[in-house]
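Participant: sequence first, then the predicted structure:
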Amino acid sequence: MCGIFGYVGQPGPVGNDVLRALRTLEYRGYDSWGIAVGHDGRIDLEKRTGKINGASVDFADAEIGFGHTRWATHGGVTEPNAHPHLDCEGRLAVIHNGIVENFRALRERLEASGHRFRSETDSEVIVHLLEEERATTADLAAALAAVVRRLDGLNAVIAMDVRTRELVAAKTVSPLVAGIGSRGVVIASDALALRGHADRVVYLEDDQLIRLGKDGLVLYDRASMREIPAPLAPLHALVGDAELGAYPHYMAKEMAEQPAVLERLADEGVDAVERLAGAIVDAYGTFLVGCGTASYAALTGSYLFSRIAARHINFVVGSEFKYHEHFIDPRSLVVALSQSGETVDVIEAMLAARRRGARLGAIVNSEHSTLDRMVDLRVPLGAGPEQCVLSTKAYTAKVAVLLLAAHAVAGTLDRGRDEVLQAAAGLREMLAGPWVDRVRAVAETVSRTDHLFVIGRGLAYPTALEAALKIKEVSYVHAEGFAGGELKHGVIALIAPGTPCIVYAPNDETRGDILSGAMELKSRGGYIIGIGPIADPVFDVHIETPDVGNAAPLVNALPAQMLGYHAALRRGNDPDKPRNLAKSVTVK
Ligand code: F6R
């Protein structure tokens with residue numbers, strides 16, 4: 001959460017460059033944004049609340065500048081709380097991603113010794129601590145090293161000193177990547193933001209610190225402050241197609257990319273899947289860990305392994321992992337599922353698993369992300385950049401990997417590949433034909449309701465949870481997913497005449513029971529939106545999906561994604577940046 005970008009180099013329109021980079025990083029938070037440019041020994045500052053949209057800035061040309069997009073944690077969405085934050089003299093500035101967990105005690109002490117605070121944020125303590133250090137330490141990098149030692153929590157910090165015209169940065173878990181280009185040096189929380197500015201990049205490690213100045217970048221070991229070589233890698237190899245092209249929104253683009261993502265996995269992902277399957281077979285117990293949509297992919301995986309390979313796979317939500325930790329030992333395999341590879345609840349789970357000696361794996365989309373770099377068993381999703389805050393193509397990719405892995409464990413990998421390819425073909429047909437118009441019409445009903453329920457059984461149960469999440473987070477319609485059999489245990493009390501109820505009815509062993517559940521809903525006035533390959537009289541409206549057996553979760557996600565997207569448009573919501581959310585959840 002929060003996007004940060006900084007530049008030091010030849011003089012130029014730094015303010016506009018930073019603003020452009022912040023647009024790329026806005027998926028990390030869009031409550032407010034701010035830019036600082038060092039100019040004639042002073043810092044010029046611009047801060048605004050809300051999304052960047054078509055905003056422009058008017059700074060003089062300069063050699064140094066940085067900026068921040070904020071996802072608010074401490075302090076409301078106000079201009080004073082937007083970053084950058086300045087020291088009392090206005091010579092130092094800081095941008096920050098993370099939470100300074102001990103900020104209250106630090107702030108009290110700093111205020112008592114005369115520092116003037118201008119915001120309610122935890123972040124502002126960093127710049128005042130730096131101001132204190134700077135009074136006795138001539139070197140900005142050494143001063144920041146001393147400051148970060150005093151911060152509790154997972155943080156990424158970039159500090160600017162306008163007098164020495166340099167940026168220094170350090171991080172704990174929260175990502176930072178620095179790069180070198182023809183005009184200067186840059187640093188950001190995501191390599192995507194370095195495009196056009198750098199051709200070689202280096203990912204910062206937790207025990208390092210980096211200085212960016214007119215002479216380039218220098219990497220240090222943070223404990224000793226000794227210079228160390230920077231292992232630079234070419235940038236172009238790290239980032240895929242991030243352009244919107246002819247699509248109206250990234251969500252539309254990324255939904256449409258799903259068939260190609262699945263085809264690529266079935267063709268090129270097999271080696272990594274086989275390695276994962278081997279590790280699962282070798283392990284005494286396997287845990288799949290993820291958050292949000294990734295957790296529903298993991299839960300789907302646990303059903304797939306049970307169904308296809310008769311193997312028990314544990315599933316734990318990232319933030320709950322520590323309460324299951326005592327089951328983990330050196331014979332365990334813990335596999336993280338993540339689009340961003342930066343979700344802090346998952347990273348913390350993996351750190352805990354590592355402390356217990358478990359083998360670590362990751363099914364991750366963002367290569368070189370923290371999760372990708374911390375495990376020894378990597379399964380790349382290869383879905384390309386996912387820019388919409390909602391996860392769509394990364395979800396189906398994760399489920400496809402788990403479907404293939406379950407088949408690999410069962411010794412039926414070829415069948416798994418056929419199932420994935422069949423699902424990809426089905427998705428292509430759905431996306432190309434009148435199917436989309438039909439779903440758009442159903443989205444009208446969804447957009448007009450306050451509450452909506454989604455039910456599924458077996459393999460379709462996690463799909464129901466994911467469908468409800470997708471619809472609610474983008475349309476802001478309250479949607480709840482639950483297991484079809486749970487209806488009569490309480491939830492049915494909420495069904496009123498006309499309440500839309502989405503019923504997943506695949507052509508499998510759950511069909512009879514789920515249709516009985518649909519009947520029970522209809523008897524209470526529920527409006528039944530049936531999703532599945534076969535129509536049924538209980539459905540008020542039927543969204544048809546292809547009959548693809550075990551691969552049903554791969555085609556069943558699209559109807560909910562599409563319903564959410566079109567309901568959001570009808571309600572005037574921005575589908576790519578729903579309120580209060582951020583793409584990369586790097587705070588607890
Ligand atoms: C929902 C969504 C989130 C993410 C979750 C985990 O559409 O995008 O629920 O799935 O924050 O993110 P990753 O996969 O990056 O770990």
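Facilitator: That came in fine, so what should we check first?

Participant: tell me which residue in the protein sits closest to the ligand.
Facilitator: Per C-beta to the nearest ligand atom, Gly292 is where the chain lies closest to the ligand, at 1.9 Å. For the C-beta atoms, the positions are set from N, CA and C on the backbone; glycine is no exception.

Participant: what's the burial count for that residue?
Facilitator: The local packing of Gly292 (other C-beta atoms under 10 Å) involves 21 other residues.

Participant: that one contacts Ser391, doesn't it?
Facilitator: Yes. Using C-beta atoms under 8 Å, Gly292 is in contact with Ser391, at 7.3 Å.

Participant: domains for this protein, by residue range?
Facilitator: 3-237, 244-431, 434-574 (automatic domain parsing).

Participant: dump these to TSV, plus mean pLDDT.
Facilitator: Output for the domains of the chain, formatted as TSV (pLDDT from 0 to 100):
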stretch	mean pLDDT
domain 3-237	95
domain 244-431	96
domain 434-574	97
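
Participant: so what touches stretch 533-545?
Facilitator: 426, 430, 435, 438-439, 442, 445, 503, 505-507, 511, 515, 518-519, 522, 527-532, 546-547, 552, 555-556, 558-559 (C-beta atoms under 8 Å, 6 or more residues apart in numbering).

Participant: let's see it at 7 Å
Facilitator: 438-439, 442, 505, 507, 515, 518-519, 522, 527-532, 546-547, 555-556, 559 (C-beta atoms under 7 Å, 6 or more residues apart in numbering).

Participant: for stretch 431-450, buried residues please.
Facilitator: Buried residues in stretch 431-450, counted by 16 or more other C-beta atoms under 10 Å: Leu431, Trp435, Val436, Arg438, Val439, Arg440, Val442, Ala443, Thr445, Val446, Ser447, Thr449.

Participant: ditto for stretch 138-157
Facilitator: 140-148, 151, 153-157.

Participant: contacts with the ligand among these, please.
Facilitator: Of the residues in the buried residues of stretch 138-157, proximity to the ligand by C-beta under 6 Å from any ligand atom holds for none.

Participant: for the domains of the chain, which one sits closest to Asn580?
Facilitator: With C-beta to C-beta as the criterion, Asn580 lies closest to domain 3-237 of those, at 8.4 Å.

Participant: ok, the closest residue in space to Gly382 that isn't next to it in sequence to Gln561 distance?
Facilitator: Closest residue to Gly382 apart from its sequence neighbours, by C-beta to C-beta, 6 or more residues apart in numbering: Arg264 at 5.7 Å. Remark: distance between Arg264 and Gln561 (C-beta to C-beta, to the nearest Å) = 19 Å.

Participant: of these two, who's got more company?
Facilitator: Counting neighbours by other C-beta under 10 Å for Arg264 and for Gln561 shows that Gln561 has the greater number, 28 against 18.

Participant: pretty sure Ser319 sits against Asp345.
Facilitator: Yes. Using C-beta atoms under 7 Å, Ser319 is in contact with Asp345, at 4.1 Å.

Participant: mind listing the shared neighbours of those two?
Facilitator: Both Ser319 and Asp345 are contacted by Cys291, under the criterion C-beta under 7 Å, 6+ apart.

Participant: quick one, which of those two is more surrounded?
Facilitator: Taking other C-beta under 10 Å, Ser319 and Asp345 do not tie; Asp345 has more neighbours (22 against 17).

Participant: OK, contacts around that one?
Facilitator: For Asp345, the contact set (C-beta under 7 Å, 6+ apart) comprises Cys291, Gly318, Ser319, Lys588.

Participant: mind running it again at 10 Å?
Facilitator: 289-292, 295, 317-322, 338, 585-588 (C-beta atoms under 10 Å, 6 or more residues apart in numbering).

Participant: ok, of the residues you listed, which come out buried?
Facilitator: Applying 16+ other C-beta under 10 Å to these flags 289-292, 295, 317-319, 321, 338, 585-587 as buried.

Participant: follow-up on the earlier one: which of the buried residues of stretch 431-450 fall within helices?
Facilitator: Leu431, Trp435, Val436, Arg438, Val439, Arg440, Val442, Ala443, Thr445, Val446, Ser447 (DSSP state H).

Participant: one step back: and the contacts of Asp345, which is closest to Gly12?
Facilitator: For the contacts of Asp345, the nearest to Gly12 is Thr586 (30.2 Å; C-beta to C-beta).
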